[in-house]
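In: Coordinates for the following, if possible.
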Amino acid sequence: MHPTPRGTGWIEVITGSMFSGKSEELIRRLRRAEYARQRIAVFKPALDDRFGAGEIVSRAAGRLASHAVRSAADIPALAADADVVGIDEAQFLGPDLVPVCERLADAGKRVIVAGLDQDFRGRPFEPIPDLMAVAEYVTKELAICVVCGNPANRSQRLVARDSRIVVGDTDAYEARCRRCFSADPPGVPLQSELGLEDAAASEDDQ
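Out: The predicted structure is shown next:
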């Protein structure tokens, strides 16, 4: 059990693969803050409209009303009166989210961020690794590998798309452990087959 900071803001990061319960844990913490009569402000990227635009939703059917924002820069003004700020699917908000979260914490707010720490190739998925470095608390959630039942920390893409960001659910991804994970989805060129110029072009397209 960690001591709770007093007289200052702080950052909490909840991370892990898809289907690991990140949103559920975020909602749980925000509900507890509401029970304590703290003012909360909740955000999600407008890009992620899988479960509707006006709320964050967990697979355990937890729901909280939220603001859909197009960039991290939209958050501070909307969170001005909040004691606790929750941000879901943070990997879609890009590197600008890091200074925004630091600014909110420096202003005395508790900032709780949930998002993927690895992309579909198993590489660090910014900005989550950078947020983990500056956060006071980091929680890494694990899913269950659908192939062998081991603890899973990777998101296996099932569709032939090479873009780093492909919004999807069980139709496009499943949880895999280290042993069962493949960094090369079906129909996508193997990383070893990509030349340096092709790899750079692929990243630019994202």
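In: host element of residue 155?
Out: Per DSSP states H and E: residue 155 is located in strand 154-157.
In: So what touches that strand?
Out: Strand 154-157 is touched from outside by 17-19, 116, 118-120, 122, 166, 172-178, 180-182, 185, with contacts defined as CB atoms under 8 Å, 6 or more residues apart in numbering. For every residue, glycine as well, the C-beta is placed using N, CA and C.
In: Sheet partners, orientation included, of it?
Out: Strand 154-157 has its sheet partners listed here by DSSP bridges as strand 173-176 (antiparallel).
In: buried set for the strand it pairs with?
Out: Within strand 173-176, the residues that qualify as buried are 173, 174, 175, 176, counting by 16 or more other CB atoms under 10 Å.
In: returning to that earlier point: please pick the buried ones from the contacts of strand 154-157.
Out: Neighbour-count burial (16+ other CB under 10 Å) is assigned, among those, to 17-19, 116, 118-120, 122, 172-177, 180-181, 185.
In: and the lengthiest helix in the chain, what does it pack onto?
Out: The helix that spans the most residues within the chain, counting by DSSP state H, is helix 22-35. Packing partners of helix 22-35 (3 or more CB pairs under 8 Å, 6 or more residues apart in numbering; DSSP states H and E): strand 10-16, strand 40-45, strand 55-57, strand 63-65, strand 84-87, strand 110-116, strand 137-141.
In: Recalculate using a threshold of 6 Å.
Out: strand 10-16, strand 40-45, strand 84-87, strand 110-116 (3 or more CB pairs under 6 Å, 6 or more residues apart in numbering; DSSP states H and E).
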